[in-house]
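>>> Structural data only, the sequence is not supplied:
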């Protein structure tokens, strides 16, 4: 339960970090909050030859509010939790952050580390997909923007190239008359989700759904974007029939694998229950926002 | 491969230390083996049990999920720094004693560090908030009820003593 030997380098700037990554490629790992990487190193599931510590790079931390909400990769969960402006502009986070591990983990863990780790049971990848986040990936050679739905490629696998770093995430502002809701079921608070669901419902002036975003965590190899599956809600008011139909469609669309905590059938059951509850709550919140 | 070593300076419970550490040395092991501050306990070594919780610049963290080299320039607080030099217990410690908040005691240092920071930020917590704050610290003896009782009592004692 001790990490294998590695060379530790504290990056002095983002350029320094990126040039080190360009030099060492897959042999090197960026160390942000360390709440996933260090356990993996303790178990020797990860044995990087070089660890590039980016914790000193203040330029990567912080939240910028503009036409979009831009969150630096090194922003820690505890900073998100304490930023009321952020929580009101990105309300899915207000619902989801308390589910993420425990206070000690939230004091260290970062949004960029979480998303780059791409654990399919983790909440934030599903939030990023539901919110149509844009990820800024940077390398020594340049930068590119990538939609969250294209960033997550598989379990613990992203589109990040060996020389790239996720440096910030841009969340579009919610349209007017929008309501959001995240819910999950885990064995205990702070454990990985057996199933979790994030949704954003936008209403027209008549109170009918004009747009729905919906993504699940814990029920696939990646966060599952079920926005298309839920699209029949568009044009509907908040009513049992369409919400139940959407939940059933989501249950049919997902392919949970089951795990030691829950069978695939139970995960599918939970996805349906969560869908009904979360969509209804999002409708209500959207109506209250109007 | 030559061990990759780094000079670090840390403050632990107000005492400054300067040491050379191998990069793969976990902060929990550094405290225990290099500084001989063995009050910080090591349970799971992958961030689940909370036994190794210490304060980094005042905030509770898992010391098994941080490298010692990363602590360079930071201020740490461990269980050894809680009681006064004369041995007088802090309210959280006294309350754990009075309410039988421990049996084997292995989880206790981590719980006390977690709750020291929590009660500083939340002087009047509800029982629900105390349980939530304790969620990252496993205790296999007490069933938590006596720890919760102790923390509610400690909060009250600290409020009564506050100027």
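Alright, I've got the coordinates. The structure presented is a predicted model; accordingly, all values stated were derived computationally and were not measured. Residues are numbered from 1 along each chain as shown, chains lettered A, B, ... in the order given.
>>> Residue A:199: helix or strand, and which one exactly?
For residue A:199, the host element (DSSP states H and E) is strand A:195-203.
>>> List the contacts of residue 60.
All of this is about chain A. The contact partners of residue A:60, taken as CB atoms under 8 Å, 6 or more residues apart in numbering or on different chains, are A:14, A:54, A:72-75, A:112, A:167-168. All C-beta spots, glycine's among them, are computed from the backbone N, C-alpha and C.
>>> Correction: the question concerned chain B.
Residue B:60 makes contacts with A:103-104, A:107, B:53-54, B:113-114, B:117-118, as judged by CB under 8 Å, 6+ apart.
>>> Go ahead and list the helix or strand containing the residue nearest to the spatial centre of chain B.
Centroid check for chain B by CA atoms, centre = their mean gives residue B:113 as the closest residue, at 3.0 Å. Using DSSP H and E, residue B:113 falls within helix B:108-121.
>>> from the chain's centre, how far out does that helix sit?
Relative to its parent chain, helix B:108-121 has a centroid offset of 6 Å by CA atoms, centre = their mean, to the nearest Å.
>>> Give me the contacts around the helix or strand following that helix.
Sequence-wise, the next helix or strand downstream of helix B:108-121 (DSSP H and E) is helix B:127-133. If you take CB under 8 Å, 6+ apart as the criterion, helix B:127-133 is touched by A:98, A:103, A:189, B:114-115, B:118, B:122, B:125, B:144, B:148, B:151-152, B:155.
>>> Now, of those, which are buried?
Using 16 or more other CB atoms under 10 Å in any protein chain shown as the burial test, the contacts of helix B:127-133 include A:98, A:103, B:114-115, B:118, B:125, B:144, B:148, B:151-152, B:155 as buried.
>>> Let me know the closest of those residues to residue A:263.
Closest approach to residue A:263 among the buried ones among the contacts of helix B:127-133 (CB to CB): residue A:98, at 26.5 Å.
>>> contacting residues for the closest residue to residue A:147 other than its chain neighbours?
Once flanking residues are discounted, residue A:147 sits nearest to residue A:134: 6.2 Å by CB to CB, 6 or more residues apart in numbering or on different chains. The contact partners of residue A:134, by CB under 8 Å, 6+ apart, come to A:68, A:145-148, A:169-170, A:172.
>>> next one: residue A:156
By CB under 8 Å, 6+ apart, the contact set of residue A:156 is A:117-120.
>>> Show me the residues you listed that map onto helices.
residue A:117 (DSSP state H).
>>> Got phi/psi on the one residue in chain A that gets nearest to chain B?
Nearest residue of chain A to chain B: residue A:102, at 2.6 Å (CB to the nearest CB). The phi and psi values for residue A:102, taken as degrees, to the nearest 10, are phi -130, psi 170.
>>> Over to the one 4 residues further on?
Backbone torsions for residue A:106, taken as degrees, to the nearest 10, come to phi -70, psi -20.
>>> nearest spatial neighbour of it, skipping sequence neighbours?
Residue nearest to residue A:106 in three dimensions, not counting chain neighbours: residue A:77, with 3.8 Å by CB to CB, 6+ apart.
>>> Which pLDDT does the model give the one you found?
Per-residue confidence (pLDDT) for residue A:77: 98.
>>> what's the neighbour count on it?
Residue A:77 is flanked by 26 other residues according to other CB atoms under 10 Å in any protein chain shown.
>>> Identify the residues contacting it.
By CB under 8 Å, 6+ apart, the contact set of residue A:77 is A:97, A:100, A:105-107, A:109-111.
>>> Could I get the full set of strands for chain B?
For chain B, the strands defined by DSSP state E occupy B:5-12, B:15-22, B:53-56, B:59-62, B:75-77.
>>> Would you mark the buried spots in the last one?
By 16+ other CB under 10 Å, the buried positions in strand B:75-77 come out as B:76-77.
>>> what's in contact with stretch B:103-115?
Residues outside stretch B:103-115 that contact it (CB under 8 Å, 6+ apart) are A:103-104, B:39-41, B:43, B:49-55, B:60, B:77-79, B:82, B:92-93, B:96, B:101-102, B:130, B:133-134, B:136-142, B:147, B:151, B:154.
>>> how distant is it from the center of its chain?
Put simply, stretch B:103-115 sits 7 Å off its chain's centre (CA atoms, centre = their mean).
>>> Let me see the domain layout of the chain.
You didn't say which chain, so I picked chain A. Using automatic domain parsing, the domains assigned to chain A come out as A:7-53, A:63-172, A:178-289.
>>> wait, chain B
B:5-81, B:91-161.
>>> end to end, how far does the shortest one reach?
The first and last residues of domain B:91-161 sit 10 Å apart, counting by CA to CA, to the nearest Å.
>>> one step back: buried ones among the contacts of stretch B:103-115?
Among the contacts of stretch B:103-115, those scoring as buried are A:103-104, B:39-41, B:43, B:49-55, B:60, B:77-79, B:82, B:92-93, B:96, B:101-102, B:130, B:133-134, B:136-139, B:142, B:147, B:151, B:154 (criterion: 16+ other CB under 10 Å).
>>> among those residues, which are in helices?
Counted as lying in helices by DSSP H, out of those, are A:103-104, B:92-93, B:96, B:130, B:133, B:147, B:151, B:154.
>>> Just send these back as a markdown table, with pLDDT too.
As requested, these are exported to a markdown table (pLDDT from 0 to 100):
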| residue | pLDDT |
| --- | --- |
| A:103 | 94 |
| A:104 | 96 |
| B:92 | 97 |
| B:93 | 98 |
| B:96 | 98 |
| B:130 | 97 |
| B:133 | 95 |
| B:147 | 98 |
| B:151 | 98 |
| B:154 | 98 |
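>>> Export the domains of chain B to CSV and append columns for distance to residue A:157.
Shown next, in CSV, are the domains of chain B (distance: least, CB to CB, whole Å):
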stretch, distance to residue A:157
domain B:5-81, 21
domain B:91-161, 28
